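**Q** here's a sequence, model it:
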Amino acid sequence: LSSGRGVAGVAVIRISGPRADDVLLAMSRTKKLPLVRQATLRTLVDPKTKEMLDQAMVLRFKAPSSFTGEDVVEIHCHGGIAVIDAILDA
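**A** Residues are numbered from 1 along each chain as shown. This is a model prediction of the structure:
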């Protein structure tokens, strides 16, 4: 969780590393990656149950031009604790 924990309008979850794109694909209903550095609306689902978790803006950043220097996916989701926990648990 890259943003502060607690009740907020928007939370930012950052996934960093060589499998960041794989995680996004597993949590998306569509199997097409968004363009790099382009915000895209995605429905996020639990990879195991396919239960809808949230509709979120997602962005991709490719190494080395990212916050961490690795491939990064940022999920800008609703900021409620239940939504954040569901996405982090998935």
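
**Q** name the residues that touch the longest strand anywhere in the chain?
**A** As assigned by DSSP state E, the longest strand anywhere in the chain is strand 52-61. By C-beta atoms under 8 Å, 6 or more residues apart in numbering, the residues outside strand 52-61 that reach it are 20-21, 24, 27-28, 33-46, 67, 71-78, 83, 86-87, 90. Where you see a C-beta, it was placed from the backbone N, CA and C, and this is true even at glycine.

**Q** any regions of the protein where pLDDT drops low?
**A** Scanning the chain for pLDDT under 70 picks out 3-4, 6-7.

**Q** just the helices in it please.
**A** 20-26, 81-89 (DSSP state H).

**Q** now those as a markdown table including distance to Lys50 and mean neighbour count?
**A** Formatted as a markdown table, the helices of the chain follow (distance: least, C-beta to C-beta, whole Å; neighbours: other C-beta atoms under 10 Å):
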| stretch | distance to Lys50 | mean neighbour count |
| --- | --- | --- |
| helix 20-26 | 11 | 17 |
| helix 81-89 | 13 | 15 |
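
**Q** dump those helices into JSON lines; add distance to Met57 as well.
**A** Output for the helices of the chain, formatted as JSON lines (distance: least, C-beta to C-beta, whole Å):
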{"stretch": "helix 20-26", "distance to Met57": "12"}
{"stretch": "helix 81-89", "distance to Met57": "13"}
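
**Q** before we move on, back to that, now the contacts of strand 52-61: which count as buried?
**A** By neighbour count, with 16 or more other C-beta atoms under 10 Å, those hold 20-21, 24, 27-28, 34, 40, 42, 44-45, 71-78, 83, 86-87, 90 as buried.

**Q** cross those residues against strands and list the overlap.
**A** Reading strands off these with DSSP E, I get Thr40, Arg42, Leu44, Val45, Val72, Val73, Glu74, Ile75, His76, Cys77, His78.

**Q** tabulate these (JSON lines), appending distance to Asp54.
**A** JSON lines is the format used below for those (distance: C-beta to C-beta, whole Å):
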{"residue": "Thr40", "distance to Asp54": "14"}
{"residue": "Arg42", "distance to Asp54": "9"}
{"residue": "Leu44", "distance to Asp54": "5"}
{"residue": "Val45", "distance to Asp54": "9"}
{"residue": "Val72", "distance to Asp54": "19"}
{"residue": "Val73", "distance to Asp54": "14"}
{"residue": "Glu74", "distance to Asp54": "14"}
{"residue": "Ile75", "distance to Asp54": "8"}
{"residue": "His76", "distance to Asp54": "10"}
{"residue": "Cys77", "distance to Asp54": "5"}
{"residue": "His78", "distance to Asp54": "6"}
